[in-house]
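S.K.: I need the structure of the sequence given here:
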Amino acid sequence: MRKVLLPTLIIIAASLLVLRLFYLQVINDSFKLKSDNNAIKIQYDYPERGYIYDRNGKLLVANQPSYDIMVIPRDIKNLDTLEFCQLLDITKDDFLKKITKAKVYSPRLPSVFLAQLNKSEFAAFQEKIRKFEGFYFQKRSLRDYQVNFGANVFGFITQVNDKLVEKNPYYNNGDLIGKQGVEESYEDILRGIKGVKYFQKDKYNREIGSFKEGKYDTIAVQGEDINLTIDAELQKYGEELMINKRGGIVAIEPKTGEILALITAPSYDPAILVGRQRSKNYTLLYRDSIAKPLYDRGLLAEYPPGSPFKILTGLIGLQEGVINEQTTYVCNHGFSYAPGRFMKCHDSGPRQLHNGIYNSCNTYFANVYLRIIGKYASTPYSVDVWSNHVKSFGLGQFMGYDLPTGKKGKIPNSKTYKKMYPGWGYSGKTIISNAIGQGEIVMTPIQLANMMATVANEGYYYTPHIIKKIKGEKIDPKFTTKHVTTIDKKYFAPMISGLFDVYNLGTASALRVEGIDICGKTGTAENYAKIGGVRTKLEDHSIFVAFAPKDNPKIAIAIMIENGGFGATIAGPIASLMIEKYLRGKITRTDLEKRTLERSLQDRYAKLGGQSEAVKLEMKRRDSILKSKMIVPKIKIDTTKQL
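M.R.: Residues are numbered from 1 along each chain as shown. Have a look, this model is predicted:
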């Protein structure tokens, strides 16, 4: 039996192998297409990317034709290198580097030699392409920006790197991919599906027709169009107001979580990252470590929220029952909470929740915080109760929005303070700075805006998102899922009343817009930085949060201006102007508009380490912007001269 078993197994195995080879080579020859078959040429047909529109159907990003010069290294013969380099305006060193890179990728497969030629550049090459064996052109589609703002929203298109080609079989060397913004978030939808054609070659390397009569050819499918939640006019106006300032602005529609504006400053014209100058321009932007134009401050910058956080302190105090609307504390320009410990305040007199909010009284909210932390016998337990309330507003965590970058901020809990104060206890007085949005609390502008949207909704929010509609697709259901806070709805009404009177009786009374009921809160956050190795106090950050109208709110907004000073000085006017712009489509507070457009903080930023070339250029353009009140490309990089 054993003598028969081994030969039988060998015969069966051999038979299976023969059958499999017959299937692959005779019946199914598709695997031929996946090898470096010298007799087959593969040509890709790249589709147009989907168009990008704003919430009102305004076209923001379209496409334009472009051409890549492709090379198959082993097919290069009798090349006049000098003529070739002069025609494409490259050096011989550049030529050798590109050829070497192509050979490393594959001597027999095509790779991009020179990318993104425009029509005129391509026309000159096309006339003589017959002289350059081994080279051919590949038509592609590049972005054509219809606006000169919103660069951080859109992102940009760049070539895939080698790691991605190895990881994702869809992409080949030289393919384009979306990076940052919606181009990255919705790459799979916008890119479409590339087509492919297979051509048979003879022994002389000449094309003799399609392979298998086009059996395996596919056609390109254009990418799907998308509508963003962004209001183009509001985005444009916000970027105007942020000229010569640094910071972030985020505006949200409270009832839906749709992002109406996402602004970072300084920014740049998205068109400079298209074409042959893209790499050089990107390098200039990337190396600008002073102004950081590629750094999206609306999503990434983490700041102490300052006085706007008093809103949450008050709401938690009401929810925990440690105060009511009539609870009163007397302020005398500050609060002495321990020997030698004094929290300064610009306010004075008896304060309750209502006037404590609109006068932004530190003393009032410090006392409320001490009651919250002192409610339970265990301070760590009280801190966790407080922390969980705060986090129910979407703070201290990645929010799940549909953009590829972000920071989660920081909301401390008992574990935080166990690490900070090992071996000994702490009390509410130890961490009292949390009461007024300082201490260990940091938030991003989008988190601040979402906090205000939640207050406007009286206790719930939808995950902020930037996609409104995808042609032929449904948006992610997580964007229509309601998130409810731990604060009962009944406690929001007295808080909203106080926020309304910030504009009528309090710190933003000079910022009122006739006929629009705005609820808001000023903020000024302390700002320290290391300069020359020394911790130095700098000009405070200017913060403002608001929503409007008071009843049935349509917009919630957060503004953070680095080194801007008092909240009502710079951030506040921007909030009022953007709210009026969105609700009315025009501006009546032209005094605020003029003052804000003219205000430059570049002298303050210069103290932090000089000025980048981008910022210098921005300052030169300010006068023309003010005259026309029409935004021009900020940090526009000359594509013919290096800064």
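
S.K.: alpha carbons only for contacts and neighbour counts from here, please
M.R.: Fine.

S.K.: what's the burial count for residue 591?
M.R.: Using other CA atoms under 10 Å, residue 591 is surrounded by 10 other residues.

S.K.: go on, the one 4 residues further on?
M.R.: Residue 595 has 13 neighbours, counted by other CA under 10 Å.

S.K.: that one belongs to a strand, doesn't it?
M.R.: No. Per DSSP: H, G, I helix; E, B strand; the rest coil, residue 595 lies outside any strand segment and is helix.

S.K.: can you tell me, leaving aside adjacent residues, what's nearest to residue 141?
M.R.: Leaving aside its sequence neighbours, residue 141 sits nearest to residue 65 (CA to CA, 6 or more residues apart in numbering; 4.8 Å).

S.K.: where's the one you found, which helix or strand?
M.R.: Element membership for residue 65 (DSSP states H and E) is strand 59-71.

S.K.: from residue 139, how far off is the residue nearest to residue 141?
M.R.: 7 Å (CA to CA, to the nearest Å).

S.K.: sorry, back to before: continuing past the strand holding residue 65, what's the next helix or strand?
M.R.: Next in sequence after strand 59-71, counting helices and strands by DSSP H and E, comes helix 81-88.

S.K.: relative to strand 59-71, how tilted is that next one?
M.R.: With axes from the mean of the first three to the mean of the last three CA atoms, to 10 degrees as the basis, helix 81-88 and strand 59-71 are set at 170 degrees to each other.

S.K.: residue numbering should commence at 9 henceforth.
M.R.: Will do, 9 is the new start, and the previous item becomes helix 89-96.

S.K.: low-confidence regions, the stretch 509-651 of the chain specifically.
M.R.: 536-540, 616-651 (pLDDT under 70).

S.K.: again with the stretch 309-458 of the chain
M.R.: For the stretch 309-458 of the chain (pLDDT under 70), the answer is none.

S.K.: tell me where it has strands.
M.R.: Using DSSP state E, counting those that start in this stretch, the strands of the stretch 309-458 of the chain run over 337-346, 349-359.

S.K.: distance from the chain centre to the last one, please.
M.R.: Just to be clear, that refers to strand 349-359. Distance of strand 349-359 from its chain centroid, counting by CA atoms, centre = their mean, to the nearest Å, is 39 Å.

S.K.: returning to what we had before: closest one to residue 182 among the strands of the stretch 309-458 of the chain?
M.R.: Taking CA to CA, strand 349-359 is the member of the strands of the stretch 309-458 of the chain nearest to residue 182, at 59.6 Å.

S.K.: of all the strands of the stretch 309-458 of the chain, which lies closest to residue 282?
M.R.: Here strand 349-359 is closest among the strands of the stretch 309-458 of the chain (CA to CA), at 51.1 Å.

S.K.: the closest one pairs with which strands?
M.R.: Here strand 349-359 is paired, per DSSP bridges, with strand 337-346 (antiparallel).

S.K.: can I assume the residue nearest to residue 149 is in contact with residue 130?
M.R.: No. Here residue 73 does not reach residue 130: they are 10.6 Å apart, not a contact under CA atoms under 8 Å.

S.K.: which one's more surrounded, these two?
M.R.: Neighbours were counted for residue 73 and for residue 130 using other CA under 10 Å; residue 130 has more, 19 against 15.

S.K.: tell me what the closest residue to the more buried one other than its chain neighbours is bridged to.
M.R.: Leaving aside its sequence neighbours, residue 130 sits nearest to residue 75 (CA to CA, 6+ apart; 6.7 Å). Note on residue 75: beta-bridge partners by DSSP bridges are residue 125, residue 147.

S.K.: so residue 75 touches residue 150, yeah?
M.R.: No. Proximity of residue 75 to residue 150 does not meet the contact threshold set by CA under 8 Å, at 9.2 Å.

S.K.: shared neighbours of those two, anything?
M.R.: Common neighbours of residue 75 and residue 150, using CA atoms under 8 Å, 6 or more residues apart in numbering, are residue 124.

S.K.: from the chain's centroid, how far away is stretch 291-301?
M.R.: Centroid displacement of stretch 291-301 relative to its chain, using CA atoms, centre = their mean, is 16 Å.

S.K.: of all the residues in it, which ones are buried?
M.R.: 292-293, 296, 298-301 (16 or more other CA atoms under 10 Å).

S.K.: likewise stretch 126-137?
M.R.: Burial within stretch 126-137, assessed by neighbour count using 16+ other CA under 10 Å, is assigned to 126, 130, 133, 137.

S.K.: quick one: distance of stretch 395-406 to the chain centre.
M.R.: With CA atoms, centre = their mean, you get 21 Å for stretch 395-406.

S.K.: quote the end-to-end distance of that stretch.
M.R.: The first residue of stretch 395-406 is 16 Å away from its last residue (CA to CA).

S.K.: let me see the contact set for the residue nearest to residue 130.
M.R.: Residue 75 sits next to 123-127, 130, 145-148 when contact means CA under 8 Å, 6+ apart.

S.K.: which among those residues end up buried?
M.R.: When these are checked for burial by 16+ other CA under 10 Å, the buried set is 123-126, 130, 145-148.
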